[in-house]
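Colleague: all I have is the shape, not the residue letters:
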């Protein structure tokens, strides 16, 4: 199983490098879809089917379609960079360093005593009915709607924002009225 993990991680790294180096935007969109599919496969191997499903649907599916729709409105080739972008490189290095630093206190991979592998705190089950005053139909709903309310609100906000962005990207621009006699466009009311 470790060989499969290493293989998928190597493919992820290779695909990421290809996306960064390729200049044809259509090919870059295709490679980002492949990257998302590989990421979903990796999450599935790590026993996170919910994350894998979300990555496959949003990353490989919807995002690829939206990027292709956006590409239809632009050119197919990236414009050449005139100078080396130092600021974006520094932002990536700082962000990457912060992410690596954040992983240093994580439990070892596969550690059976890690919090993810231990059972849920019995307090959630024991106190759920009392804390929710009997208003929640079950423990799962009380955990998602109340105990993890901010997390669920954040996820809902991200999905709502993505939906609004999709609607804004795919909407049709308003038609301008033309004056047939003069062949000129009219902006609106004259005042």
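Modeller: Nice, I can see it. Being a predicted model, the structure only gives us computed values, none of them experimental.
Colleague: domain ranges for this structure?
Modeller: 1-79, 120-173 (automatic domain parsing).
Colleague: low-confidence regions, this protein specifically.
Modeller: Low-confidence segments of the chain, defined by pLDDT under 70, span residues 119-120, 134, 136, 144-145, 147-149, 174, 176-191.
Colleague: where do the helices sit along this protein?
Modeller: For the chain, the helices defined by DSSP state H cover 2-21, 25-45, 49-54, 63-71, 86-102, 122-131, 139-142, 149-170.
Colleague: who's in contact with residue 69?
Modeller: Contacts for residue 69 (C-beta atoms under 8 Å, 6 or more residues apart in numbering) come out as 169-170. For the C-beta atoms, the positions are set from N, CA and C on the backbone; glycine is no exception.
Colleague: neighbours of residue 55, just the number please.
Modeller: By the criterion of other C-beta atoms under 10 Å, residue 55 has 23 neighbours.
Colleague: for residue 112, that is, sorry about that
Modeller: 7.
Colleague: and the most centrally placed residue in the chain, how far from residue 43?
Modeller: By C-alpha atoms, centre = their mean, the chain has its centre lying nearest to residue 59, at 6.1 Å. In this view, residue 59 and residue 43 are 10 Å apart by C-beta to C-beta, to the nearest Å.
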